[in-house]
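Undergrad: I would like the atomic coordinates for the input below:
(chains A and B)
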Number of protein chains: 2
Amino acid sequence: MGKDKGTTFNLKTPKGTKDWSGSDALLRDRIFTTISNVFKRHGGTALDTPVFELREILAGKYGEDSKLIYDLKDQGGEICSLRYDLTVPFARWLAMNSHITSIKRYHIAKVYRRDQPAINKGRMREFYQCDFDIAGTFDAMVPDAEILRIVSEVFEELGWSGRYTIKLNHRKILDGVFAVCGVPEDKLRPISSAVDKLDKMPWADVRKEMVDDKGLDAEVADRIEKYVMNKGSRELLDSLLKDEALNANASAKAGLEEMALMMDYLEAFGVLDKISFDMSLARGLDYYTGVIYEVVTEGSAGVQADAPEAQKAVKAKKGKSKQPSEEDDRSNDPTLGVGSVAAGGRYDNLVSMFQPRAQIPCVGISFGVDRIFSITKARIEREQKADALRSSEVDAYVMAFGGKGFGGMLKERMDICQKLWSAGIKAEFSYKLKPKLPQQFKAAEQGAIPFGIILGEEELAAGKCRIKEMGLPDGHPEKEGVEVELSSLVPELQTRLAKKQQGAVSSLAQQLQGTGV
Amino acid sequence: MGKDKGTTFNLKTPKGTKDWSGSDALLRDRIFTTISNVFKRHGGTALDTPVFELREILAGKYGEDSKLIYDLKDQGGEICSLRYDLTVPFARWLAMNSHITSIKRYHIAKVYRRDQPAINKGRMREFYQCDFDIAGTFDAMVPDAEILRIVSEVFEELGWSGRYTIKLNHRKILDGVFAVCGVPEDKLRPISSAVDKLDKMPWADVRKEMVDDKGLDAEVADRIEKYVMNKGSRELLDSLLKDEALNANASAKAGLEEMALMMDYLEAFGVLDKISFDMSLARGLDYYTGVIYEVVTEGSAGVQADAPEAQKAVKAKKGKSKQPSEEDDRSNDPTLGVGSVAAGGRYDNLVSMFQPRAQIPCVGISFGVDRIFSITKARIEREQKADALRSSEVDAYVMAFGGKGFGGMLKERMDICQKLWSAGIKAEFSYKLKPKLPQQFKAAEQGAIPFGIILGEEELAAGKCRIKEMGLPDGHPEKEGVEVELSSLVPELQTRLAKKQQGAVSSLAQQLQGTGV
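TA: Sure, this is the predicted structure:
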């Protein structure tokens, strides 16, 4: 160590990474808890895989993006890379554990991409993914519908009610549409990716790209327009089910029949009104084989707000100040579309890439936690819910006051804290032997701690102390606090905490709901 | 992708790493929750740092163990390494954020060491650390005592009451003892590390190592024996405070005075009876400057069970079967001593290694979660508390039965699930259109799901369904379930769930407490 003494270090985190602390860390933690509670409610079991995998496991899974994979140095032994997403490790795990034929698994963890970072836009090299997937062979569309129910529970509980739309499409319908319109086999991918841009470009531009750049016949493009510009719900599906050309195509027919089932199930799950059947949704990744979906929110580039609820919400917001997510013109997570906050679909063939005999169909969803965090934080700041931006959640600050010859009452404060902790109450006290009262009040205020427990030598000798609710207005009858017996301090404080909690923030949903912002 | 099709992969995780799934993942998650709830109760705020750091940040911090650091490949740009522990990133963060002069931070995350793995012994290359540290300049021993209060709350809430001892010593006392006994300056480190082995070697062997291997005068060794073989509590401290030789040494005197304060505070915090003042505890890491401590449990190599409570517990267990931790003859985590489950101490100079002007004293604790997990799991298995080893925590399985022409009632099952989920009840159902009743019962039994909700076509038409508690013995009046109105299904199920919870497992502590094993 000697040589390094006094060296000044390059004090920073690596490019594209950051430390999370204070109120940001706490808010993100609450988002994780909200999401994982929903996952558990649906019988999800946790899977935790190593942060690095054998390099050959990742090879050939990400196409061009493979260049973004972080490799570990060869220090002798195996050649490894940091994981790029949570889906490939899940498929590797399923292939390794062939006795598992069905599972609902969730995984909340960091993934790594050597992309050009744009921290202001939320594009990082280390970021969290939040995945839920259902693997196994079941009757058509049943788990798929449950995934969308999960999506809606998550956003309802995050307090986004009426502010999001789940865009839904089906790969087989899309394939059928392209075939019926006459797109040549070799142009399927580029035309599909052009269509996917309809959430941020007008049709005229997309058509230009198809015809001028990608050499598609203008007539074919016009036939495509007739289909992909459609958005809706059951009525759109009904009209497509009557489309003779589509029904003559096996792929489109299969897709439409599955979509009809899906809508039935979504209705039974009470989420049909959150859905927009959006024929332009194509999704980037190759491996999807069935339904695909993406969640957009007001202010995000892709929002169409076609779902009845969201439509109302967006109309009501017109003319409001710029939303933070408008700046996020590219997600940090290429698996998410522009402006989306969650995305996923059915992928039936990924596991068999690892184990040809293991044919385990899967369907899943990935939540973009970093973007959900940014949008939630911006809302809280706009609404000045300072309470939500605390860096810890302490209930009570135990303090002492005294005049001349004041001993500081350290052990007495410790004793009271001990009693509070034993009752499960979150409590702090000053680490000074003789702290001044204003300093103690300042510490409680800075931490937005709701209650002060005040010890005085005379009161203590009489077996009493004072509970003071912080931040009461002048003139409030309890402004100076209320005296309680030491023996009833714990229940008394618990009652007051419960009361305060009821009136205030207890979940993100309650906090962000119904504020009209 | 084409070329890879059909390739068979080396389906494994990298050496020294593993996947966590099912009941193991759930149990570990409950341990994390228990620990982080205690951290939050003491005002801890979360800090999350990147999994890799600039390599120069880690350089010169770990002595010989630096060879165990995982490096990232140089792919252009910065040179980085995976973190080796959570303490150095914390110190780097403090040095970077010089406006923060005091903080209580916790961090639960994975660290990486290219050590020779021994998976059966729990020594992994990727493993979790669980750290709580208090940084800042305060009055002596106040935060130090709170750290030990935290330690005791964690183990009490993990259900280890009476089964653990916190070994406590002070670097300054140890330095003073060695000086008073006449250990030459250049032999301080090797003699200190020999003394540290007294938890697993008799004095005669340690003396031999000192004299024969390390060239210490035999008389000096004998003088050391007089001190380091002592263990106890206040009475040991009192006798040392009367030791004239020790009190003439400035370091020893300062250490003893701090230890006296510490004991006062530990008493105020109600944890003095968990402590063993152990003069042989030396701890490996160089950077400790004050109190040092280590938690041992019955069956772990280092247990002395000197604390009154633990002593009783260990006596009662004599002759019992081998404890799982006896096999763990070396921790996967070199910062933990042999057989210990948590360890830490005061380190006042680490932050200034990064920023010479930033002198922020720190004191902290690191919990060895992997070992805590192994011991807890082994106890649950011995006690056959199968309930605790479920892989998810589903409350109810919604099923349907019917005879000839049975439609499967899929949408009806979906509708009931939807109502349960909306009420926050964890529920599952079969993804089959027409599942057979025995299959549905089997699924509920395999998941150890406590309640079945049974739908029949006739009952449903009458606005009713059946709640069946699983696993009731034959002849129980409710063996076949009870019929309830659909409108009261949710409150009825909630009441039964609450009742079941009361009688059974709700925390690890309740689960493992008072079983007498």
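
Undergrad: what residues does the stretch 51-200 of chain A have near chain B?
TA: Residues of the stretch 51-200 of chain A found near chain B (CB under 8 Å from any CB of the partner chain) are A:51-54, A:56-57, A:59-61, A:63, A:70-75, A:77-78, A:80, A:82, A:92-93, A:95-96, A:104-105, A:110, A:112, A:114, A:126, A:136, A:138-139, A:142-143, A:145, A:149, A:153. Heads up, the C-betas are built off the backbone N, CA and C, glycines and all.

Undergrad: quick check on those: which are buried?
TA: A:51-54, A:56-57, A:59, A:61, A:70-73, A:78, A:80, A:82, A:92-93, A:95-96, A:104-105, A:110, A:112, A:114, A:126, A:136, A:138, A:142-143, A:145, A:149, A:153 (16 or more other CB atoms under 10 Å in any protein chain shown).

Undergrad: still on that earlier bit, in strands, which of the residues of the stretch 51-200 of chain A next to chain B appear?
TA: The members of those that map onto strands under DSSP state E are A:52-54, A:80, A:82, A:104-105, A:110, A:112, A:126.

Undergrad: hmm, who's touching the helix or strand hosting A:Arg413?
TA: Here A:Arg413 is covered by helix A:410-422, with elements defined by DSSP states H and E. For helix A:410-422, contacts defined as CB atoms under 8 Å, 6 or more residues apart in numbering or on different chains pick out A:395-396, A:398-400, A:427-430, A:433, A:453, A:455, A:460, A:465, A:486, A:489-490, A:493, B:41-42, B:139, B:142, B:145, B:149, B:153, B:264-265, B:268-270.

Undergrad: these in helices, which ones?
TA: Of the contacts of helix A:410-422, the ones assigned to helices by DSSP state H are A:460, A:489-490, A:493, B:41, B:142, B:145, B:149, B:153, B:264-265, B:268.

Undergrad: OK, contacts around the closest residue to chain B within the stretch 101-250 of chain A?
TA: At 3.5 Å from chain B, A:Phe138 is the closest residue in the stretch 101-250 of chain A, using CB to the nearest CB. When contacts are counted by CB under 8 Å, 6+ apart, A:Phe138 is found next to A:102, B:431-432.

Undergrad: gap between it and B:Lys419?
TA: Note on A:Phe138: its distance to B:Lys419, by CB to CB, to the nearest Å, is 22 Å.

Undergrad: now swap in A:Asn349 and tell me
TA: Between A:Asn349 and B:Lys419 the computed distance is 36 Å (CB to CB).

Undergrad: which one's more surrounded, those two?
TA: Neighbour count, other CB atoms under 10 Å in any protein chain shown: between A:Asn349 and B:Lys419, B:Lys419 has more, with 18 against 15.

Undergrad: re the thing from before, dump the ones in helices among the contacts of helix A:410-422 into CSV; add pLDDT as well.
TA: Output for the ones in helices among the contacts of helix A:410-422, formatted as CSV (pLDDT from 0 to 100):
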residue, pLDDT
A:Leu460, 93
A:Leu489, 97
A:Val490, 97
A:Leu493, 97
B:Arg41, 95
B:Val142, 96
B:Ala145, 97
B:Arg149, 96
B:Glu153, 97
B:Asp264, 95
B:Tyr265, 96
B:Ala268, 94
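
Undergrad: between these, which is nearest B:Ser233?
TA: B:Asp264 (12.4 Å; CB to CB).

Undergrad: that closest one - how many residues pack around it?
TA: Neighbours of B:Asp264 under the rule other CB under 10 Å: 17.

Undergrad: for it, give me its contacts.
TA: The contact partners of B:Asp264, taken as CB under 8 Å, 6+ apart, are A:Lys411.

Undergrad: hang on, A:Gly364 packs against A:Asp131?
TA: Yes. Using CB atoms under 8 Å, A:Gly364 makes contact with A:Asp131 at a distance of 6.1 Å.

Undergrad: shared neighbours of the two, which are they?
TA: A:Thr87.

Undergrad: so A:Met449 is in which element?
TA: Rather than Met, residue A:449 is Ile. A:Ile449 belongs to no helix or strand when assigned by DSSP H and E.

Undergrad: tell me the pLDDT of it.
TA: A:Ile449 carries a pLDDT score of 94 in this model.

Undergrad: that one against A:Gly471, yeah?
TA: No. With contact defined as CB under 8 Å, A:Ile449 does not count as touching A:Gly471 (9.9 Å).

Undergrad: neighbour count winner among the two?
TA: Each of A:Ile449 and A:Gly471 has its neighbours counted (other CB under 10 Å); A:Ile449 has more, 22 against 12.

Undergrad: from B:Lys104, how far off is the more buried one?
TA: Here A:Ile449 is placed at a distance of 13 Å from B:Lys104 (CB to CB).

Undergrad: and what of A:Val206?
TA: Applying CB to CB, the value for A:Val206 to B:Lys104 is 54 Å.

Undergrad: repeat that for A:Asp71.
TA: 37 Å.

Undergrad: kindly report the same for A:Pro491.
TA: For A:Pro491, the distance to B:Lys104 (CB to CB) stands at 27 Å.

Undergrad: what's the answer for A:Glu294, then?
TA: 41 Å.

Undergrad: with A:Met353 instead?
TA: On the measure of CB to CB, A:Met353 and B:Lys104 end up 47 Å apart.

Undergrad: please see if the helix or strand where A:Arg30 lies touches chain B.
TA: Assigned by DSSP H and E, A:Arg30 belongs to helix A:22-41. Yes. Under the criterion of CB under 8 Å from any CB, chain B is reached by helix A:22-41 at A:22, A:25-26, A:29, A:40-41.

Undergrad: just checking, what packs against that helix?
TA: Here helix A:22-41 touches strand A:103-112, strand A:126-135, helix A:142-157, helix A:369-382, helix A:508-512, strand B:45-48, going by 3 or more CB pairs under 8 Å, 6 or more residues apart in numbering or on different chains; DSSP states H and E.

Undergrad: A:Arg123 is in contact with A:Pro117, isn't it?
TA: Yes. Between A:Arg123 and A:Pro117 there is a contact under CB under 8 Å: 5.8 Å.

Undergrad: okay, and the common contacts of the two?
TA: Taking CB under 8 Å, 6+ apart as the contact rule, A:Arg123 and A:Pro117 touch no residue in common.

Undergrad: would you mark the buried spots in stretch A:353-361?
TA: So, applying 16+ other CB under 10 Å, buried residues of stretch A:353-361: A:353-355, A:358, A:360-361.

Undergrad: just to revisit the earlier point, who wins on neighbours among the contacts of A:Phe138?
TA: Counting neighbours by other CB under 10 Å, B:Tyr431 leads the contacts of A:Phe138 with 20 neighbours.

Undergrad: residues touching that residue, list them.
TA: The contact partners of B:Tyr431, by CB under 8 Å, 6+ apart, come to A:136, A:138-139, A:142-143.

Undergrad: make it 6 Å
TA: By CB atoms under 6 Å, 6 or more residues apart in numbering or on different chains, the contact set of B:Tyr431 is A:138-139, A:142-143.
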